[in-house]
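Student: need coordinates for the following:
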Amino acid sequence: MHATELYRAAKTAGYLYQAHLRALVTERMGLEWGPVRNGAAELADIDRPVVEHFSQRRHEMIREAERGGIGLGSKSAAEHAALATRERKRYGLETHTWREEVRARAGEQGLDAERVAEMIRTGFELVRSGLAESGGVDECALGDRLAGAEGLTERSNTFDGRAVLQEFAAASGVGALVGEVRGMAARFEARADVIATGCGGMTTAELVAVERRLIASAVGRAGEGAGVVEGSRVEHGIAAAGRPLTGEQAQAVRAVCGSGDGVSVVEALAGTGKTYTAGVLRQVYERAGYAVLGAAPTGRAVRELAEEAGVSARTVDRLLLDLEQPGEKLPHGCVLIL
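Tutor: Numbers count the residues shown, from 1 in each chain. Now for the predicted structure:
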């Protein structure tokens, strides 16, 4: 089997399955659900200690992390703990034995047969009386949020249909059938402020407007005489670099330091030495008397700027928050490397 498409669809399929499951359990059994997290929810009547007891994998990961003296805060640490505690698949398992074990363990936590029967009786009563929990998704409100600044384009310029399906499935607290979720997603994608891209994805009119303002601002600062460094200083900085620059890297340094544009864009493929070139620019500008600051969208990129280019950097969010503080502003004669 060609697994690539299955892998890409797995998360979305899980969200749809969970929403469909919640809808049927709510409709047929009258049971209620807790908050939806990562597309899934626990039954509200199942006490938290019972849920925690059966979350054995999480407890094993925590113990593994404690043994190794690491936390689970980072993705890499969590993945390491997950792999270290993953058991080999077991075949030929006696299901009746396993079922009895689960029942016994649940009973020890207070979820015995009597408690389960009580939950089911209460739920069926709600169904028969028409009082079972119900309520759909406020499509308009959710759509406005997803198409806004804090929605699907908050961390990515584009999104696809899978992301839309996940959002509407997760928003259905009491569940929604797969066909209903697909219908809501299709109506969202047909909104006037949702724009199809040439690569088969989607973006929002709000983000396009922001990008147009940014481009207009950058173009408007062309040739304003900002950040110009005398040619001999630039050549000295290139010659004094820790290792020789390629022709393209040297040309990028000359172009940035000599254009006078308020915004200069250097575009290159991954692995071509953009960060190293940024370090050379930093040295040239600092020797010319400029203050050099760095900003990046992620903490990892901030560390790369600091470690590989020697640029004092912070995340874009942190920089913007700092500049909102009274009396805080960028120093005069500042070059910002993003």
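Student: which residue ranges form the helices in the stretch 51-200 of the chain?
Tutor: For the stretch 51-200 of the chain, applying DSSP state H, counting those that start in this stretch gives helices covering 56-68, 75-84, 95-108, 113-129, 139-146, 161-171, 178-189.
Student: can you list the buried residues in the lengthiest strand in the chain?
Tutor: In the chain, with assignment by DSSP state E, the single longest strand is strand 291-296. By 16 or more other CB atoms under 10 Å, the buried positions in strand 291-296 come out as 292-296. In this view, the C-beta of every residue, glycine as well, is placed from N, C-alpha and C.
Student: list the buried ones in the very next helix or strand once past that strand?
Tutor: Next in sequence after strand 291-296, counting helices and strands by DSSP states H and E, comes helix 299-309. Neighbour counts over helix 299-309 (16+ other CB under 10 Å) mark 301-302, 304-305, 309 as buried.
Student: which of those sits closest to residue 277?
Tutor: For these, the minimum distance to residue 277 (CB to CB) is 8.4 Å, reached by residue 309.
Student: ok so residue 229 is a helix residue?
Tutor: No. Looking at residue 229 with DSSP: H, G, I helix; E, B strand; the rest coil, it is coil, so not inside a helix.
Student: if I look at it, how far off is residue 262?
Tutor: From residue 229 over to residue 262 the distance is 15 Å, taken as CB to CB, to the nearest Å.
Student: these two: who's more crowded?
Tutor: Shown here are residue 229 and residue 262; by other CB atoms under 10 Å, residue 229 has more neighbours (21 against 16).
Student: I'd say residue 110 and residue 53 touch.
Tutor: No. The pair residue 110 / residue 53 is not scored as a contact, 9.9 Å apart, by CB atoms under 8 Å.
Student: pLDDT score assigned to the spatially closest residue to residue 268 that is not a sequence neighbour?
Tutor: Distance criterion CB to CB, 6 or more residues apart in numbering; nearest residue to residue 268, sequence neighbours excluded, is residue 274 at 5.4 Å. pLDDT, residue 274: 93.
Student: now do the end-to-end distance for stretch 142-152.
Tutor: Start to finish, the residues bounding stretch 142-152 are 11 Å apart (CA to CA, to the nearest Å).
Student: same drill for residue 110 and residue 53, tell me which one is more crowded.
Tutor: Neighbours were tallied for residue 110 and for residue 53 using other CB under 10 Å; the higher tally belongs to residue 53 (16 against 12).
Student: mind checking pLDDT for the closest residue to that one other than its chain neighbours?
Tutor: Leaving aside its chain neighbours, residue 53 sits nearest to residue 109 (5.1 Å; criterion: CB to CB, 6+ apart). Residue 109 carries a pLDDT score of 91 in this model.
Student: so what's the residue count around residue 109?
Tutor: There are 16 residues near residue 109, going by other CB under 10 Å.
Student: where are the low-confidence patches of the chain?
Tutor: 57-91, 93 (pLDDT under 70).
Student: mind redoing it with 80?
Tutor: Counting by pLDDT under 80, the chain shows low-confidence ranges at 1-2, 56-96, 131-136.
Student: just want the most central residue of it.
Tutor: Nearest residue to the geometric centre of the chain (CA atoms, centre = their mean): residue 155, 6.4 Å.
Student: contacting residues for that one?
Tutor: Not one residue lies near residue 155 by CB atoms under 8 Å, 6 or more residues apart in numbering.
Student: now it: how far from residue 304?
Tutor: 19 Å.
Student: for the residue nearest to residue 149 when sequence neighbours are not counted, give me its contacts.
Tutor: Excluding its sequence neighbours, the residue lying closest to residue 149 (CB to CB, 6+ apart) is residue 206, at 6.1 Å. Contacts for residue 206 (CB under 8 Å, 6+ apart) come out as 147-149, 153, 193.
Student: looking at the residues you listed, which has the most residues close by?
Tutor: residue 147 leads these on contacts (other CB under 10 Å) with 22 neighbours.
Student: quick one: contacts for it?
Tutor: By CB under 8 Å, 6+ apart, the neighbours of residue 147 are 188, 191, 193-194, 204-206.
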